[in-house]
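Trainee: Need coordinates for the following:
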Amino acid sequence: MGQFDDILDYEQETIDPRKHLATRGQRFVNYLVDSIVFTLFIIFFVIIGELKAPNFIGGEDGDFIYNVFYYLLMTTYYLALESANGKTIGKYITKTKVVDEFGQLPNFTNILSRTLSRFIPFEGFSYLFGSDTPIGWHDSISKTF
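Mentor: You can find the predicted model right below:
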């Protein structure tokens, strides 16, 4: 046996993410911070849109354009940040991250499912009610934590 056999022969420990869940308070801070950051993004892009094309939002199709823009930007925000490293701005502040059922960074399909699940009405508050564990619908649907 070589001197590194004990290091190379180990079995990788799997982490049960259910034992290390973010608290309801951390989840609330994540939601609050991400909502504020996202709102600032919306305001910034609406201002840019209005400067480039007056009546960008206020025109005849303004509500439709705003809704499409809102959902595309929200999808991009969560999909890009959580796919990259499992963290949104709120998760950086609370030192939490998204993991799959094995404690690893979820794959793109899980993150996409998680992101689209956020469009369910009242989903942002789903972690407050129900079981003892603070898991939201976007977690349970996408099998992430």
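Trainee: Distance from the chain centre to the helix ranked longest in the chain, please.
Mentor: Scanning the chain for the longest helix, with DSSP state H as the assignment, gives helix 24-52. From the chain centre to the centre of helix 24-52 is a distance of 13 Å (C-alpha atoms, centre = their mean, to the nearest Å).
Trainee: now for that helix, which elements pack on it?
Mentor: Using 3 or more C-beta pairs under 8 Å, 6 or more residues apart in numbering; DSSP states H and E as the contact test, the elements touching helix 24-52 are helix 62-85, helix 89-94. Yep, even glycine has a C-beta here, placed from its N, CA and C like the rest.
Trainee: For the shortest one, name the packing helices and strands.
Mentor: This means helix 89-94. Where contact means 3+ C-beta pairs under 8 Å, 6+ apart, helix 89-94 is packed against helix 24-52.
Trainee: okay, the angle between the helix it packs on and helix 62-85?
Mentor: Relative orientation of helix 24-52 and helix 62-85, computed by axes from the mean of the first three to the mean of the last three C-alpha atoms, to 10 degrees: 130 degrees.
Trainee: So for helix 24-52, mean pLDDT?
Mentor: For helix 24-52, mean pLDDT rounds to 89.
Trainee: Need the helices and strands packed on helix 24-52 in JSON lines (columns: distance to residue 39).
Mentor: Listed next are the helices and strands packed on helix 24-52 as JSON lines, based on distance: least, C-beta to C-beta, whole Å:
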{"stretch": "helix 62-85", "distance to residue 39": "10"}
{"stretch": "helix 89-94", "distance to residue 39": "12"}
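Trainee: Let's test this: what are the backbone torsions at residue 100?
Mentor: Main-chain dihedrals, residue 100, degrees, to the nearest 10: phi -90, psi -170.
Trainee: before we move on, back to that, which of the helices and strands packed on helix 24-52 is buried the deepest?
Mentor: For the helices and strands packed on helix 24-52, the largest average neighbour count (mean count of other C-beta atoms under 10 Å) is found in helix 89-94, namely a mean of 18.
Trainee: How far off centre is that helix?
Mentor: The chain centre lies 10 Å from the centre of helix 89-94; the measure is C-alpha atoms, centre = their mean.
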